[in-house]
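Novice: Structure of the sequence below:
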Amino acid sequence: MFNNTDKRYNQFSAHLKNKFGVKVYKITLDAGFSCPNRDGKISTGGCIFCDDGGSFSQAHSNLLSIQEQVDTGAKTLKERFKAEKFMSYFQAFSNTYKPVNELETIYNSALNNSDIVGISIGTRPDCVDDDKIKLISSYKNDYYTWIEYGLQSIHDKTLHKINRGHDYDCFLRAYEKTKEAGINVCVHVIFGLWETQDEIMQTAQELARLGVDGVKIHMLCALQNTKLARMYEAGEIDFMSEDEYIQTVCDFLEYLPKETTIHRLAGNGFSKTLIAPSWLGKKFDSLNKIDREFINRNSYQGYRIFTNN
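Specialist: Alright, predicted model coming up:
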């Protein structure tokens, strides 16, 4: 149903293949960034779910230069998957949290490879300004350019509970500036943040109203050496079951326009540090169950918009 696949949602990887004619792989990069919610500018505690890797897959060491990480990543993916084209993906921590002149040097290094066709920069909405947006916008004519904002939820009470350090209005201001500059925006959300089903769907409906270009869905999980892990071990919290997650994913996607690309629904990058939930990390099992649930429902991404449901 989407991008000449049998998927019932607009899978980003298939979208990239449709756009560029070949499968495009992301090279995850660690440029040694920090985060204002960890270094004391906002707080020293950080978000309750964030570990020492800052959501980084640990595919490369930041002891390598950006150029070395790009070249090593491209070489590995070519050998393993016969990959041809790549996007440089700045994943760890807040990748706009440096002065703009330093950012320009870092980003330019990530694009210094003839097989790079795009750049994606993960950050927080409180870590951008006009000059940084202008710099990132300068790449859009030559590269497929994205900013990925960690939002997690539209509800301020939830953002406060997870010690996010910003509110929803902060995200809206950053989002509007970014879209005005013509940059694609992917929004990260987390399921399992002790919200009602209605509250989660309100986030879906708001993202649909905004017309965001992409969404990346995460399941709340406890990783080693995080406040969330300590809360779980003390019996203060619990997590969604796999079935609850599958149902919620499908409900959420039914509210999103068909044009919104879906960058992530499941992952397995945290297996070495994962404490709970135990079912998390079997990526392909989860994706297959999402596919089956859509078939059972006879629905798809955008279904509720199409049917006015």
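
Novice: Ile66 reaches Ala31, doesn't it?
Specialist: Yes. Ile66 is in contact with Ala31 according to Cβ atoms under 8 Å; the separation is 5.8 Å. C-beta: built from backbone N, CA, C; applies to glycine.

Novice: Can you check which residues contact both of these two?
Specialist: Overlap of the contact sets of Ile66 and Ala31 (by Cβ atoms under 8 Å, 6 or more residues apart in numbering) consists of Ile106.

Novice: residues of stretch 251-259 that come out buried?
Specialist: The neighbour-count criterion (16 or more other Cβ atoms under 10 Å) identifies Asp251, Phe252, Leu253, Glu254, Tyr255, Leu256, Lys258 as the buried residues of stretch 251-259.

Novice: Can you pull the poorly scored residue ranges out of this structure?
Specialist: Low-confidence segments of the chain, defined by pLDDT under 70: 44, 53-62, 268-271.

Novice: now with 50?
Specialist: In the predicted model of the chain, residues 57, 59-60 satisfy pLDDT under 50.

Novice: Strands of this protein, residue ranges please.
Specialist: Taking DSSP state E as the criterion, the chain carries its strands at 24-29, 85-90, 116-123, 144-152, 184-191, 214-219, 222-223, 261-264, 274-276.

Novice: and the closest residue to Thr248 other than its chain neighbours, how many neighbours does it have?
Specialist: Excluding the flanking residues, the one nearest Thr248 by Cβ to Cβ, 6 or more residues apart in numbering is Phe191, at 5.4 Å. Summarising burial for Phe191: neighbours were counted as other Cβ atoms under 10 Å, giving 20.

Novice: ok so, going back, which one of the strands of the chain lies closest to Glu242?
Specialist: Within the strands of the chain, the stretch nearest Glu242 is strand 214-219; the backing value is 8.9 Å (Cβ to Cβ).

Novice: Please identify which two of the buried residues of stretch 251-259 are farthest apart in space.
Specialist: Greatest spacing in these, by Cβ to Cβ: Asp251 and Lys258 (16.1 Å).

Novice: ok, back up a step: my guess is the residue nearest to Thr248 meets Lys216, correct?
Specialist: No. Counting by Cβ under 8 Å, Phe191 stays clear of Lys216, with 11.6 Å between them.

Novice: What about the spatially closest residue to Gln152 that is not a sequence neighbour, how many residues nearby?
Specialist: Take Gln152 and drop its neighbours on the chain: the residue closest to it by Cβ to Cβ, 6+ apart is Ile190, 4.6 Å away. Applying other Cβ under 10 Å, we find 22 other residues in the vicinity of Ile190.

Novice: now swap in Asn113 and tell me
Specialist: By other Cβ under 10 Å, neighbour count at Asn113 equals 16.

Novice: Would you map the helices across the stretch 151-300 of the chain?
Specialist: Counting by DSSP state H, counting those that start in this stretch, the stretch 151-300 of the chain forms helices over residues 156-161, 168-180, 197-210, 227-233, 242-255, 283-297, given from the N-terminal end onward.

Novice: and stretch 219-238, which residues are buried?
Specialist: Judged by neighbour count using 16+ other Cβ under 10 Å, the buried positions of stretch 219-238 are Met219, Leu220, Cys221, Ala222, Leu223, Thr226, Lys227, Leu228, Ala229, Tyr232.

Novice: Pull the residues that contact that stretch.
Specialist: 45, 48-52, 163, 190-194, 239-240, 245, 266, 270, 273-277, 280.

Novice: let's see it at 7 Å
Specialist: Outside stretch 219-238, the residues that touch it by Cβ atoms under 7 Å, 6 or more residues apart in numbering are 45, 48-52, 190-193, 239-240, 245, 270, 273-277, 280.
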